[in-house]
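K.L.:
fold the following, please.
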Amino acid sequence: MSVTMKDIAELTGVSRVVVSAVLNEAEYCRVSDAKRREIKEVANRLGFQRNFAAMQLRGNATKTLAVFINSVVRAEIIWQLNQLFAPLGYRLYLTPLDDAAPPSELQELVNEYLARGVDGILLLWVSHSLNRRQLEVPVVEGFGPDGNSDVTIDVEAGARLAAAHLLQHGHRQFALVCTNAGHIHNRRKLVGMLQAGIAPEAIRVIDLADCPHPAETLTAAVRRHGISGILTSNDYIAGKLLLLFRENNIAVPQDAAVIGFNGLAFSRFTQPTLTTVLEPAIALTEQAGQLLLRKINKKPLPETPLILQPELVLGESCGCRTEKLEEMDWNSTFVTLEKPADGVAVPRQSTEWQPGKKP
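P.N.:
Numbers count the residues shown, from 1 in each chain. Below you'll find the predicted structure:
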C-alpha cells in the first residue's frame, strides 16, 4: 500500500497541508527547521513518492526539470545542479546529448518530458536550440550553438588572452587546431586571435576533420611552415598534440608552444604541463540554473545575456615556469581546474618569464 501525505501528517503531528508545503518546498511554509527535517525524514523512511501525474492533472508544479548536457565536465555540472536544485525539492531528468545527435532527437526528448509535466528545461552545451515560442514552460540555454544563449562564455576573450600571451613570448606564425572550423565557437576563437593583433595571413586554421593525415599536417606546420604558436580548440586536442610532438622530436615549448582550451585538470599532469584557457563551466551552470528558477517563479529577468569571462591558466607548454605539483590526494582533483566547492579557478601563475623572449 502506498504512503500518503496523510500518513506522514499523522506520524509527525501536523496537517496534510503542512506536509505538502514542506515536501514541495513552498515559500509560504512557516514550520520550524526541526519539524521540516522530521517531516522529510519520515517521508524518506516510509518511502513516500509524489504522484507527479496527479499533480500535473491538477495544474500544480511537478517539481521536475529536464536537463540536457553535452560537456566534458558533466560530473561537476551534475554536482552543481544537485547543489542548487535538490534543497528546493526538484527532481531532474538528466539526458546527455552529443554533437552527432540530430535536432529531431532533442525535440522528441523534449516532447516526452513535457508529457511528464516538467516545470522547465535547461540546456547546457547542447548543439541545437529549441523554438521557445512553441513551448509553454521556461527554457534556459547555457553556452548554446547560436550565440544567443541566456548564459554564455566569452570565447573570443579566451582566445585573445591565449594569442596575446603567445605574442608576448615572441611567436609570429600561428595555428588554430580544431575539429569543425565552421562551428560558432571555433570561429569566435579565430576572431579572438585576430583581436589580439595577429595578422590574418599569420594564422593557419587546421581542421582535423578535414585532414586525411593529421599527424603529418601538424608536424609539417612546425618544421616546414615555421608555425610556433599553437592554440587548440580544446584540451584533448592539446594533450594529444603534446604527445605527437614528443614522438616526433618536436620540443615543446622550444620548437612550438601549445595552449589548450577548457581548463581541464589533466593539464597539470601532461609533460610539459599544459597552458589552458579555463572556461567557467561550474559558474555557468549555477547562473543558468538560477535563471531558470527565476523564470519558473516569474521573477524579474536580466535584460541581456550573462557573459562569463574565461581565465588563462599557465603551464609550461607556452614557455612559462610554474609551481611544482604538491597535491597528491585524489580528493583534491576534479575534472576541471574550476573548484566545485566555490567556483574559483586555481591558476598556476608564471614564476619566470621575460616579455618578448621566445622560449
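K.L.:
in stretch 132-145, what's buried?
P.N.:
Counting neighbours by 16 or more other C-beta atoms under 10 Å, one finds that the buried residues in stretch 132-145 are 137, 138, 139, 140, 141, 142, 143, 144, 145. Just so you know, the C-beta spots here come from the backbone N, C-alpha and C atoms, and that holds for glycine as well.
K.L.:
closest one to residue 313 out of those residues, please.
P.N.:
Closest approach to residue 313 among these (C-beta to C-beta): residue 143, at 18.7 Å.
K.L.:
assign a three-state SS to residue 317, would you?
P.N.:
Here residue 317 takes the coil state, with states given by DSSP: H, G, I helix; E, B strand; the rest coil.
K.L.:
strands along the stretch 201-350 of the chain, start to end?
P.N.:
Using DSSP state E, counting those that start in this stretch, the strands found in the stretch 201-350 of the chain span residues 203-207, 229-232, 257-262, 275-278, 306-308, 311-313.
K.L.:
circling back: between the buried residues of stretch 132-145, which sits nearest residue 107?
P.N.:
Distances from residue 107 to the buried residues of stretch 132-145, taken by C-beta to C-beta, are shortest for residue 139, at 12.5 Å.
K.L.:
and the helices in the stretch 1-150 of the chain, which stretches?
P.N.:
5-12, 16-23, 33-46, 52-57, 74-85, 103-115 (DSSP state H, counting those that start in this stretch).
K.L.:
turn those helices into JSON lines, including mean neighbour count and distance to residue 335.
P.N.:
Formatted as JSON lines, these follow (neighbours: other C-beta atoms under 10 Å; distance: least, C-beta to C-beta, whole Å):
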{"stretch": "helix 5-12", "mean neighbour count": "17", "distance to residue 335": "39"}
{"stretch": "helix 16-23", "mean neighbour count": "19", "distance to residue 335": "33"}
{"stretch": "helix 33-46", "mean neighbour count": "14", "distance to residue 335": "30"}
{"stretch": "helix 52-57", "mean neighbour count": "14", "distance to residue 335": "32"}
{"stretch": "helix 74-85", "mean neighbour count": "18", "distance to residue 335": "6"}
{"stretch": "helix 103-115", "mean neighbour count": "14", "distance to residue 335": "24"}
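K.L.:
dump the residue contacts of residue 294.
P.N.:
300, 301 (C-beta atoms under 8 Å, 6 or more residues apart in numbering).
K.L.:
got a pLDDT number for it?
P.N.:
Reported pLDDT at residue 294 in the predicted model: 96.
K.L.:
now it: how far from residue 151?
P.N.:
Separation of residue 294 from residue 151 (C-beta to C-beta, to the nearest Å): 12 Å.
K.L.:
quick check: beta-bridge partners of residue 142?
P.N.:
In this entry, residue 142 is beta-bridged to residue 124, residue 151, by DSSP bridges.
K.L.:
quick one: it and residue 284 touch, right?
P.N.:
Yes - between residue 142 and residue 284 there is a contact at 5.2 Å, judged by C-beta atoms under 8 Å.
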